[in-house]
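A.B. asks: with the input below, show me the fold.
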Amino acid sequence: MRYISTTFLPLANSLFFYRPLTFTSPVLLTTDSYASFPLSQPPPLKMTSSPSPSAKDHYSNIKSKWVKEYPSSDTLEGIWTFYKECGYKDPEATLRSMLDPISFEKKRLLDYGCDKGLMTDFFCLSFEGIEGYGIDINEEAIKHAQKRFPTMTFEVGDGITIPYPDKHFDCVIAIATIKHVRYEDREKVYAELNRVAEYALLVEADEKEQREEAFQGWTFYNSNFAEEFERKLYEPVKILREGGDILGLYKCKDL
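C.D. replies: Numbers count the residues shown, from 1 in each chain. Model prediction:
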């Protein structure tokens, strides 16, 4: 792996991450090929040894930091440029193709960590007749999304609970989001993703170990996301590795 530079990710989802840029060819793992790679049993997610604030208090306390410091993008072109810098050959086609296996019978998609709604709009326009919904901790970004995309539904929320009925969505997408969820809150978040959707598209840096990482006042809760996603969701449908990321479409668990 060659480290090119360290970069902020100004994605249209309300979670950025920084990581070394890597240039790799895409590797597609189908359900059958993915199953051929046995996964070692990882340790359980670590909890902090000292008392920590409740989830509600923790995410409430960092809301203002998202508003003031999050390096959001105003254009899709800016997002695609960053992906290409990270090593994606055609990020637009890659991300769109991740949802091809879904029939979208409900015609509803949820963007979990939607920021200004750019990626919500992109995915909805990629498939005919899809209603877009978004949730994000950044209230200023939500105001921007509501103004720019008035036909879609955007709400402020910490994501620990998702204010929608069971299996309301064909798919929930979470791009560079889960690493901002504390380890002690992950079970609840995965339970909510499984509850509200039939499928989940998750994209994260392809980390190999669990470790907290501090950077300029932010904390990233890294994990071996490939293993974690498969354990917490039901079944991998399509797995792709590109640009140092793991992109996974998973069938959510039945209730």
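
A.B. asks: low-scoring stretches of this protein, by residue?
C.D. replies: Residue ranges of the chain with pLDDT under 70: 1-52, 59-71.

A.B. asks: quick one: the helices in it, in order.
C.D. replies: Taking DSSP state H, the helices of the chain run over residues 31-35, 55-61, 63-69, 76-86, 91-97, 118-126, 139-148, 186-196, 225-232.

A.B. asks: for Val203, find the nearest of the ones you listed.
C.D. replies: With Cβ to Cβ as the criterion, Val203 lies closest to helix 91-97 of the helices of the chain, at 7.9 Å. Bear in mind the C-beta positions are built from the backbone N, C-alpha and C, glycine included.

A.B. asks: in CSV: the helices of the chain, plus mean neighbour count and distance to Pro163.
C.D. replies: Shown next, in CSV, are the helices of the chain (neighbours: other Cβ atoms under 10 Å; distance: least, Cβ to Cβ, whole Å):
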stretch, mean neighbour count, distance to Pro163
helix 31-35, 13, 32
helix 55-61, 14, 14
helix 63-69, 14, 17
helix 76-86, 17, 27
helix 91-97, 17, 26
helix 118-126, 20, 16
helix 139-148, 18, 13
helix 186-196, 19, 9
helix 225-232, 19, 21
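
A.B. asks: which one, of those, ends up nearest to Asp166?
C.D. replies: Of all the helices of the chain, helix 186-196 sits nearest to Asp166, with 5.6 Å by Cβ to Cβ.

A.B. asks: quick one: list the elements packing against that closest one.
C.D. replies: Helices and strands touching helix 186-196, by 3 or more Cβ pairs under 8 Å, 6 or more residues apart in numbering; DSSP states H and E, are strand 169-175, helix 225-232.

A.B. asks: just the CA trace of it, in PDB.
C.D. replies: Extracted in PDB, the C-alpha atoms of helix 186-196 (Å, rounded to 0.1, in the frame of the first residue of the first chain):
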ATOM      1  CA  ARG A 186     -23.200   0.400  17.500                       C
ATOM      2  CA  GLU A 187     -25.600  -2.400  18.500                       C
ATOM      3  CA  LYS A 188     -28.500   0.100  18.700                       C
ATOM      4  CA  VAL A 189     -27.500   1.700  15.300                       C
ATOM      5  CA  TYR A 190     -27.300  -1.700  13.500                       C
ATOM      6  CA  ALA A 191     -30.600  -2.700  15.100                       C
ATOM      7  CA  GLU A 192     -32.200   0.400  13.700                       C
ATOM      8  CA  LEU A 193     -30.800   0.000  10.200                       C
ATOM      9  CA  ASN A 194     -32.000  -3.600  10.200                       C
ATOM     10  CA  ARG A 195     -35.400  -2.500  11.400                       C
ATOM     11  CA  VAL A 196     -36.300   0.200   8.900                       C
END
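
A.B. asks: of the helices of the chain, which is nearest Ile160?
C.D. replies: Each of the helices of the chain has some distance to Ile160 by Cβ to Cβ; the shortest is helix 55-61, at 4.8 Å.

A.B. asks: export the helices and strands packed on helix 186-196 as CSV, with columns for distance to Ile137.
C.D. replies: Shown next, in CSV, are those (distance: least, Cβ to Cβ, whole Å):
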stretch, distance to Ile137
strand 169-175, 13
helix 225-232, 20
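
A.B. asks: starting at the chain centroid, how far to stretch 223-242?
C.D. replies: Relative to the centre of its chain, stretch 223-242 is centred 12 Å away, using Cα atoms, centre = their mean, to the nearest Å.

A.B. asks: to clarify, my last question referred to stretch 145-162.
C.D. replies: Chain-centre distance of stretch 145-162: 15 Å, with Cα atoms, centre = their mean.
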